[in-house]
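In: sequence below, structure please.
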Amino acid sequence: MMHADAVVASSRSIFCELVRLHAFEKAWADACSSNREAVLLVPPHRSYFVKPVTFSGAKCKAHHLTMQIQGTIMAFEDPKTYHFPNENKVPDWLTFESVESLVVEGPGTINGNGEKWWQSSCKQNSKTQTRVAVTFKKCNNLTVNNLNIQKAKRMHVTFKNCTNVKASGLSIDTSEASPNTDGIHIAETNKIHFSDCRISTGDDCISIIGGSRAVQATNITCGPGHGISIGNLGKGGSEDHVSDVTVDGGKLTGTMYGVRIKTWPGGSGYANRIIFQNIQMENVTNPIIIDQNYCDSATKVTKGACKPPPVQKNTAVQVRDVMYRNIKGTVSKDGKAIVFNCSSVPGACELIDLEDIRLEKGGAAESICLSIDALTNTKKLEHTVCVCLCLLAGFRI
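Out: This is a model prediction of the structure:
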């Protein structure tokens, strides 16, 4: 364990603490106690090994808090280092909760040291519980800038139940073989804009789940990974809602999926008013996909259906009003350019627009469209063949 000085600076005072087990909590408490703006500084060229900690804003007096990470915050590598009384309630690693007008900025590094944890992850061992590297929970007017986050044990950054979030310049770098390590995960969050992020991971580069709306992502570089996903939604018959999502500008390279909407059969709710545009694909297996018959790897799939079957068989999360515009590039050797695997429930998948799509794979790239109610505005589908268009109501060129 390396020792270094943690510094908290406010407009009137500077606090120094030798980094031990509770140094970050004390430094945070000192910053919160300030009656003015306060900055907690993690100095450059130093490394801090930290166990799970929650930075709570419930008792903060400071009008504006900034955590400036110039050095490196590291998790302990060996899972045996962590001892939790209740293995079913394993805390996330670094949690910021109920903090108003918080700024967390780099250019330092947060290193989850997750390699040993991946070997016994929940996808390998259902009894294993791992944690999110950085969680922002109930934080409003939040800014996150210029951070390097790597090797998370599970997801890298999660925004949950937050409002008015700006995140930019995030660099997330983890092995393609790391399971369940989403780059940016958004849940129950309203008005979030993230931009100029570079994400390499073993799962979704970006995942957006229920309760989220007004989500904007611009200039995102993704790969390797599973692409940019809305969902999964509706698991176990649940009701989920996602709306007003725009992904504008980006490049996906060598990913399993490109831009994806995934919902479980038997769920309810909606995913609507969604735009994917100005995106470059390179060697992507499934660049454009809607899957309303989604089952994760832990669920047995027989003849295209989840086993056990969904709680409600005749319901679906509605996917509606989705625009794909100016999406170009190449499909991998075994890939399909466009897959619309829609629910057979009437009205579950409608108003899907395609405009200026050019996806190539040494000629025409195969696509599959099932059970869509209306596929409209299919302009300039160059080198892309949708084999089921004759079955689609409301189709026009």
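In: what number of residues lie near Gly106?
Out: By other C-beta atoms under 10 Å, the residues close to Gly106 number 19. For the C-beta atoms, the positions are set from N, CA and C on the backbone; glycine is no exception.
In: that one against Val144, yeah?
Out: No - using C-beta atoms under 8 Å, Gly106 is not in contact with Val144, being 9.2 Å away.
In: next structured bit after the single longest strand found in the chain?
Out: Of all segments of type strand in the chain, defined using DSSP state E, the longest is strand 268-284. Later in the chain than strand 268-284, the nearest helix or strand by DSSP states H and E is strand 286-291.
In: for that next one, packing partners?
Out: Secondary structure elements in contact with strand 286-291, counted by 3 or more C-beta pairs under 8 Å, 6 or more residues apart in numbering; DSSP states H and E, are strand 257-263, strand 318-331, strand 338-341, strand 349-360.
In: for that strand, the distance to its chain's centre please.
Out: 17 Å (C-alpha atoms, centre = their mean, to the nearest Å).
In: what are the pairing partners of it, and which direction each?
Out: Sheet partners assigned to strand 286-291 using DSSP bridges are listed as strand 257-263 (parallel), strand 338-341 (parallel).
In: between it and strand 349-360, how many degrees?
Out: For strand 286-291 against strand 349-360, the angle by axes from the mean of the first three to the mean of the last three C-alpha atoms, to 10 degrees is 170 degrees.
In: contacting residues around Cys60?
Out: Residues in contact with Cys60 (C-beta atoms under 8 Å, 6 or more residues apart in numbering) are Ala31, Cys32, Val99, Glu100.
In: please name the nearest non-neighbouring residue to the second one.
Out: With C-beta to C-beta, 6 or more residues apart in numbering as the measure, Cys60 is the residue that lies nearest to Cys32, at 3.9 Å, once sequence neighbours are left out.
In: quick one: low-confidence parts of the stretch 51-200 of the chain?
Out: 80-90, 120-130 (pLDDT under 70).
In: any chance you could map the strands in it?
Out: 53-56, 65-69, 72-74, 94-97, 102-105, 109-111, 134-137, 140-145, 148-150, 157-160, 163-168, 171-173, 184-187, 190-200 (DSSP state E, counting those that start in this stretch).
In: Ile230: which of the ones you listed is closest?
Out: Proximity to Ile230 (C-beta to C-beta) singles out strand 184-187 among these, at 9.6 Å.
In: which other helices and strands contact the closest one?
Out: strand 157-160, strand 190-200, strand 206-208, strand 212-222.
In: packed most tightly, which of these would that be?
Out: When you average the neighbours per residue for each of the helices and strands packed on strand 184-187 (mean count of other C-beta atoms under 10 Å), strand 206-208 leads with a mean of 27.
In: average pLDDT for that one?
Out: The pLDDT scores in strand 206-208 average 98.
In: could you shift the numbering so residue one becomes 273, and keep it that way?
Out: Sure, I'll start numbering at 273, so the last one becomes strand 478-480.
In: just checking: what are the partner strands of that strand?
Out: strand 456-459 (parallel), strand 500-505 (parallel).
In: bridging residues for the closest residue to Gln340 other than its chain neighbours?
Out: Nearest non-adjacent residue to Gln340, counting by C-beta to C-beta, 6+ apart: Leu313, 5.0 Å away. Under the criterion DSSP bridges, Leu313 forms beta bridges with Val279, Gln340.
In: wait, Leu313 sits on Ala303?
Out: No - between Leu313 and Ala303 there is no contact under C-beta under 8 Å: 9.8 Å.
In: look at the two and report which has more neighbours.
Out: Ala303 (24 against 20).
In: burial count for Gln391?
Out: By other C-beta under 10 Å, the residues close to Gln391 number 12.
In: now do the buried residues in the lengthiest helix in the chain.
Out: In the chain, taking DSSP state H as the definition, the longest helix is helix 295-305. Within helix 295-305, the residues that qualify as buried are Ala295, Phe296, Ala299, Trp300, Ala301, Asp302, Ala303, Cys304, Ser305, counting by 16 or more other C-beta atoms under 10 Å.
In: ok, now which ones touch Val416?
Out: Neighbour list for Val416: Val375, Val376, Glu377, Phe408, Val429, Val437, Lys438, Ala439, Ser440, Leu442 [criterion: C-beta under 8 Å, 6+ apart].
In: switch those over to CSV; also include distance to Asn491.
Out: Formatted as CSV, the contacts of Val416 follow (distance: C-beta to C-beta, whole Å):
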residue, distance to Asn491
Val375, 21
Val376, 20
Glu377, 19
Phe408, 21
Val429, 17
Val437, 17
Lys438, 14
Ala439, 12
Ser440, 9
Leu442, 12
